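*Asks:* Give the three-dimensional model of this entry:
(2 chains)
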Amino acid sequence: MARRWTNDLTLADSTPEAAFWNRRQIMAGLAGSGLAAALGSRARADEGLEPNSWEEVTSYCNFYEFGTGKGDPSAYAGRMTTQPWSVRIDGLVDKPGDYSLEQILGEMTLEERIYRFRCVEAWSMVVPWLGFELADLLNMAGVQEGAKYVAFETLYRPSEMPGTAYKVLDWPYREGLRLDEAMHPLSIMATGIFGKPLPNQNGAPLRLVVPWKYGFKSIKSVVRITLTDEEPPTSWNMANPREYGFYSNVNPDVSHPRWSQASERRLGGGLFAKRQPTLMYNGYEEEVASLYAGMDLAEYF
Amino acid sequence: MGSLNQLLRRLPVWAVYLLGALPAPWLFYQGLTGGLGVEPIKALEHEYGELALQLMILTLAVSPLRRLLGLNLMKFRRAIGLLCFFYVTCHLLVWLVLDVQLLGQIIADIAKRPYITIGMGAFVLMLPLALSSNNLSVRALGRTWTRLHRLTYAAALLGSVHFVMLSKGFQIEPLIYLGLTLLFLALRLPVLKRSKNPTSPGTPSRT
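*Replies:* You can find the predicted model right below:
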């Protein structure tokens, strides 16, 4: 484990007892698999932020390859084949090639990261991810001098993805990060949630999670990672450049043409849930603000 | 069609009001009890909005259906129109009270976001229609009433454009609603009205 970043959100204290014991049972079930050690050793901190429920995280998803409804991914993503799975890592890397998921996981140590997750549609969740730092994966492939950006691609398999019958977006789904964003210790590749493998609708078997950016940047079911020297095209930016910028950092002061970004609604509050103020960089300002020093955030939205 | 019309004649209008209004409390109850999923506010907002749009298209369909297929729903048109207004109001209230909540943001949204401006426009156009949907107004306004109620066409157009604009990416469903709205509006154009009128078999058919 890299330990370049220490989790400051934990399940303890603020988690209802039943949920807490449920977690202990999951961990007991994982004993001996190596996962329990990773989970058990996570740092404890005072700030407690209660994760959303399994049902909330897995039933309310945007994964347009399976349909545009929030319930479509959980209804249809089951048919996506995730074994075998490989990721092509190419471009400006020392060791380009197709890496099988087993090969990748063999090199990585999983750890738990409890992150706020903020959708551009102004709803949010707290998700206990399981994964490894993207930097470790990129270092495994060897980032070459001259690489400035990282491009990602989601699986595009129309036979298993009913939503791709319509050109809602220009498939395959694409996302990208600047290299320094990708190498930031907060950026992870997730393989699980709640100590379990990722359900398909959440981007199995391997997805990006960049907690200070709007959710659509955290691309799901990744099959290709390309190091480039140019800013790569990204799906929502291609579809509507006025509404979705390349950076898409969570920013309550930069309004989206469709939604005010000043506040958000945490899922799980029911019909009378109150809005809460959105935090700069989704609450990770201290960690990431320096990446954007001197940039006009209204221009590079 | 004749027997269907006879059946419809026996259906009292109050039953249409009752059946048409029932989904509103039912959906609200579903939202309270988890039936609308983990984000019930958005779900309720969408359900009410979509019902309103469907009823709006149905009111537009009433006169072409009679003219082209002989199906007579005239007796229920006012009920359908008022139910449509009822659901638009429910949709607006959910947005105001449950969704956006903050007055400052509500005003900013209406002013700055075109799809919301357009949706509000549709609601405003429907206000005089709902208020004048009574026999007294029909009598008092005479021909003006007919002209006034052509605002329905504009409201329907704004409503379906509102749905198209709020959808992310290229989506089919809102385009189907817009297509139906345009179809029923086009059927009112004088040129189409003449050529498709089955009651005057003398005119040459284009189909």
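*Asks:* ok, now which ones touch the residue in the stretch 101-250 of chain A positioned nearest to chain B?
*Replies:* Per Cβ to the nearest Cβ, residue A:168 is where the stretch 101-250 of chain A lies closest to chain B, at 4.0 Å. In this view, the C-beta of every residue, glycine as well, is placed from N, C-alpha and C. Contacts for residue A:168 (Cβ atoms under 8 Å, 6 or more residues apart in numbering or on different chains) come out as A:64, A:68, B:169, B:170, B:171.
*Asks:* who in the stretch 151-300 of chain A is up against chain B?
*Replies:* By Cβ under 8 Å from any Cβ of the partner chain, the residues of the stretch 151-300 of chain A that approach chain B are A:166-169, A:239, A:255, A:257-260, A:262-263, A:265, A:267-268, A:270-275.
*Asks:* let's see 6 Å
*Replies:* The interface of the stretch 151-300 of chain A toward chain B, taken as Cβ under 6 Å from any Cβ of the partner chain, is made up of A:166, A:167, A:168, A:169, A:239, A:260, A:267, A:271, A:275.
*Asks:* ok now the helix or strand hosting residue B:139, how far from the chain's centre?
*Replies:* Per DSSP states H and E, residue B:139 falls inside helix B:135-141. Offset of helix B:135-141 from its chain centre (Cα atoms, centre = their mean, to the nearest Å): 22 Å.
*Asks:* send the alpha carbons of it over as PDB?
*Replies:* Taking Å, rounded to 0.1, in the frame of the first residue of the first chain, the C-alpha atoms of helix B:135-141 are listed here in PDB:
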ATOM      1  CA  ASN B 135     -69.500  27.100 -18.200                       C
ATOM      2  CA  LEU B 136     -69.900  30.700 -16.900                       C
ATOM      3  CA  SER B 137     -66.600  31.700 -18.600                       C
ATOM      4  CA  VAL B 138     -67.500  29.900 -21.800                       C
ATOM      5  CA  ARG B 139     -70.800  31.800 -22.000                       C
ATOM      6  CA  ALA B 140     -69.300  35.100 -21.000                       C
ATOM      7  CA  LEU B 141     -66.300  35.000 -23.300                       C
END
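*Asks:* which helices and strands does it pack with?
*Replies:* Using 3 or more Cβ pairs under 6 Å, 6 or more residues apart in numbering or on different chains; DSSP states H and E, no helix or strand is in contact with helix B:135-141.
*Asks:* got the contact list for it?
*Replies:* With contact meaning Cβ atoms under 6 Å, 6 or more residues apart in numbering or on different chains, helix B:135-141 is reached by residue B:145.
*Asks:* Count the residues that sit near residue B:147.
*Replies:* By the criterion of other Cβ atoms under 10 Å in any protein chain shown, residue B:147 has 10 neighbours.
*Asks:* which SS class is residue A:227?
*Replies:* strand (DSSP: H, G, I helix; E, B strand; the rest coil).
*Asks:* is chain A contacted by the biggest helix by length in chain B?
*Replies:* Assignment by DSSP state H gives helix B:40-69 as the longest helix of chain B. Yes. Helix B:40-69 comes into contact with chain A (Cβ under 6 Å from any Cβ), by way of residue B:40.
*Asks:* and the residue of chain B nearest chain A?
*Replies:* residue B:169 (4.0 Å).
*Asks:* for chain A, what spans make up the strands?
*Replies:* In chain A, the strands defined using DSSP state E lie at A:86-91, A:97-100, A:111-118, A:123-133, A:149-154, A:174-178, A:188-193, A:196-197, A:207-209, A:222-228, A:263-266, A:276-277.
*Asks:* hmm, back to that, could you turn the buried ones of the contacts of residue A:168 into a ChimeraX selection?
*Replies:* To isolate the buried ones among the contacts of residue A:168 in ChimeraX, judged by 16 or more other Cβ atoms under 10 Å in any protein chain shown, type:
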select /A:64,68 /B:171
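*Asks:* Tell me the one among the contacts of residue A:168 nearest to residue A:207.
*Replies:* residue A:64 (14.5 Å; Cβ to Cβ).
*Asks:* Tell me the confidence at that closest one?
*Replies:* We have a pLDDT of 96 for residue A:64.
*Asks:* Isn't it up against residue A:162?
*Replies:* No. Using Cβ atoms under 6 Å, residue A:64 is not in contact with residue A:162; the gap is 10.6 Å.
*Asks:* Okay, now the unreliable bits of chain B?
*Replies:* Along chain B, the model assigns pLDDT under 70 to residues B:194-207.
*Asks:* Take the strands of chain A and lay them out in CSV including mean pLDDT.
*Replies:* Listed next are the strands of chain A as CSV, based on pLDDT from 0 to 100:
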stretch, mean pLDDT
strand A:86-91, 98
strand A:97-100, 98
strand A:111-118, 97
strand A:123-133, 97
strand A:149-154, 98
strand A:174-178, 98
strand A:188-193, 98
strand A:196-197, 97
strand A:207-209, 98
strand A:222-228, 98
strand A:263-266, 94
strand A:276-277, 94
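*Asks:* export these to CSV and tack on distance to residue B:42 and mean neighbour count?
*Replies:* Shown next, in CSV, are those (distance: least, Cβ to Cβ, whole Å; neighbours: other Cβ atoms under 10 Å in any protein chain shown):
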stretch, distance to residue B:42, mean neighbour count
strand A:86-91, 34, 18
strand A:97-100, 39, 14
strand A:111-118, 15, 22
strand A:123-133, 8, 23
strand A:149-154, 24, 24
strand A:174-178, 24, 22
strand A:188-193, 22, 23
strand A:196-197, 27, 14
strand A:207-209, 23, 23
strand A:222-228, 28, 21
strand A:263-266, 9, 20
strand A:276-277, 16, 10
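*Asks:* Find the centremost residue of chain B, please.
*Replies:* What sits nearest the mean C-alpha location of chain B, by Cα atoms, centre = their mean, is residue B:56, with 1.4 Å.
*Asks:* List the residues that contact that one.
*Replies:* The contact partners of residue B:56, by Cβ under 6 Å, 6+ apart, come to B:84, B:156, B:159.
*Asks:* Now, the residues you listed that are in helices?
*Replies:* Per DSSP H, the contacts of residue B:56 map to helices at B:84, B:156, B:159.
*Asks:* quick revisit: check which residues of the longest helix of chain B are buried.
*Replies:* Using 16+ other Cβ under 10 Å as the test for burial, helix B:40-69 gives B:40-53, B:55-65, B:67.
*Asks:* Residue B:82: which element?
*Replies:* In this structure, residue B:82 sits in helix B:77-93 according to DSSP H and E.
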